[in-house]
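**Q** need the 3D shape of this:
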Amino acid sequence: MIRRFLLPPAQSFFLFGPRGTGKSVWTRAAFPDALVLDFLDPEIFRSYSAYPERLREAVLAGGKKDILLDEIQKVPQVLSVIHALIEEKRGLRFIMTGSSSRKIKKTGADLLAGRALNASLHPFMASELGEAFSLEKALATGLVPLVWFAADPQQTLKSYHALYLKEEVQAEALVRSIPAFTRFLEAVSFSHGSVLSVSAVARECEAERKTVEGYLKILEDLLLSFQVGVFTRRAKRRLAAHPKFYLFDSGVFRSLRPKGPLDRPEEIGGLALEGLVAQHLRAWISYRGRENALYYWRTQKGVEVDFVVYGEDGLYAVEVKNSAKVQPEHLKGLRAFSEDYPEARCLLLYRGAQRLRKGNVLCLPCEDFLRGLRPGKVIWQ
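**A** As a prediction, this is how the structure comes out:
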């Protein structure tokens, strides 16, 4: 059992996370005495879809204070029953897991606004795995627990895509054409770690711009991707306007990205490394539980810093380089950023083995940084 950094809230909450991130394992370990209803079970699904009020009967008969509802997006009708039970102040705590927020948003989860918190479970962080963490393995197969512990991680990744296409996209009739959505997934993988151009993705997969915008929203609702906006606070230069796009896990990116004679392995490896750092920073922000946010910084002249973390814990600028040596040009973006924001802590993460100080930039081995990143402390002292 790998101890996760997520701490259980004291009140009712939604727990969102992509398939395979360990929501069921975590909730059953955190709430061993809970009444459990798994809506992936066909019999339970049919029963509560037809008669959502049965939830009240089960809760009142069970005598449990914690009620665990797995994959609640399958039966969003029960949300009104949950809302009523919470209002009755019976001291109940509802733990509602989901791998998609789409149906819940559509059916009015705002009914529970202020009565249920939102929490997220991410792929493993390096510091959760401890000595079991391997940077090379993380870059190759990602950190989704289902894949990490699989006997054949590469085959599991291929099945992972099919699982989402069949059980989420096709079953919920989210798109008209599964082949078109599959082409979109391949095309959008080229945007991983890059400024998102919806028009370019639409041209690549031969689809209308509005169709691609809808596909991107589906990816986001299924928790398979996220976007990082531009850091514009107290801006002194003209900056880029569009967000950067990332698939939620480096292994999922590697498995979706086509490979051939025109694709350079070092380019794909660099994007996988950048994405791995992005998903760690995102998990750190989520588990940290303080007001922090993730951005990137890019001037209209193309000077860029991969990540900016800004919030209660300070201002950090983080550049990621898939290189064993620190070159002078690697520091260009960080130095430009520190001119505008002298209070920022500047970090360069690279594939070397030594910690170096280059002026006001601390150069760290990427693996050391990832292993040391924990929600219980700031990013780096």
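**Q** residues in contact with the residue nearest to E367 when sequence neighbours are not counted?
**A** Distances taken as Cβ to Cβ, 6 or more residues apart in numbering put L135 closest to E367, at 4.5 Å, once the chain neighbours are dropped. Bear in mind the C-beta positions are built from the backbone N, C-alpha and C, glycine included. By Cβ atoms under 8 Å, 6 or more residues apart in numbering, the contact set of L135 is A126, C366, E367, L370.
**Q** which parts of the strand or helix carrying the last one are buried?
**A** Element membership for L370, per DSSP states H and E: helix 366-372. By neighbour count, and taking 16 or more other Cβ atoms under 10 Å as the criterion, the buried residues in helix 366-372 are C366, E367, F369, L370, R371.
**Q** which residues does the spatially closest residue to the first one that is not a sequence neighbour bridge with?
**A** Spelled out, that is C366. Of all residues not flanking C366 in the chain, L349 sits nearest, at 4.2 Å (Cβ to Cβ, 6+ apart). Taking DSSP bridges as the rule, L349 bridges to V320, L364.
**Q** doesn't G91 lie inside a strand?
**A** No - under DSSP: H, G, I helix; E, B strand; the rest coil, G91 falls outside any strand and is assigned coil.
**Q** what is the burial count for the closest residue to it other than its chain neighbours?
**A** Spatial nearest neighbour of G91, excluding adjacent residues (Cβ to Cβ, 6+ apart): K65 at 5.9 Å. Here the count is done by other Cβ atoms under 10 Å, and K65 has 14 residues near it.
**Q** what's the closest residue to R102 other than its chain neighbours in contact with, if anything?
**A** Of all residues not flanking R102 in the chain, D221 sits nearest, at 3.8 Å (Cβ to Cβ, 6+ apart). Contacts of D221 were listed using Cβ under 8 Å, 6+ apart, and they are S100, S101, R102, K105.
**Q** which residues of the chain fall in strands?
**A** With DSSP state E as the criterion, the chain has strands at 13-16, 35-38, 66-70, 93-98, 117-120, 194-195, 225-230, 244-247, 292-298, 304-311, 314-320, 345-350, 356-358, 361-365.
**Q** which among these is found nearest to T156?
**A** strand 244-247 (16.2 Å; Cβ to Cβ).
**Q** pLDDT on the closest one, on average?
**A** Taken as a whole, strand 244-247 has a mean pLDDT of 97.
**Q** likewise stretch 366-381?
**A** Mean predicted lDDT for stretch 366-381 stands at 94.
**Q** kindly report the same for stretch 125-139.
**A** Rounded mean pLDDT across stretch 125-139 is 97.
**Q** could you tell me the end-to-end distance of it?
**A** Start-to-end span of stretch 125-139 (Cα to Cα, to the nearest Å) is 13 Å.
**Q** repeat that for stretch 95-115.
**A** OK, stretch 95-115 end separation, Cα to Cα: 12 Å.
**Q** try stretch 132-144
**A** 14 Å.
**Q** now do stretch 322-333
**A** Chord length of stretch 322-333, first to last residue, is 16 Å (Cα to Cα).
**Q** same deal with stretch 252-266?
**A** 17 Å.
**Q** for it, buried residues please.
**A** V252, F253, R254, S255, L256, R257.
**Q** inside helices: which ones of these?
**A** If you go by DSSP state H, the buried residues of stretch 252-266 have V252, F253, R254, S255, L256 in helices.
**Q** closest one of those to P243?
**A** Nearest to P243 among these: F253, at 16.7 Å, using Cβ to Cβ.
**Q** any regions of the protein where pLDDT drops low?
**A** The model of the chain has pLDDT under 70 over residues 106-111, 113-114, 171-173, 262, 381.
**Q** got the domain ranges for it?
**A** Domain segmentation of the chain under automatic domain parsing yields 13-120, 126-372.
**Q** how about stretch 295-313: buried residues?
**A** 295-299, 303-310, 313.
**Q** center of the protein, which residue is that?
**A** By Cα atoms, centre = their mean, the chain has its centre lying nearest to F248, at 4.4 Å.
**Q** quickly note the distance from the residue nearest to D70 when sequence neighbours are not counted to K259.
**A** Nearest residue to D70, sequence neighbours excluded (Cβ to Cβ, 6+ apart): D38, at 4.2 Å. Distance, D38 to K259, using Cβ to Cβ, to the nearest Å: 37 Å.
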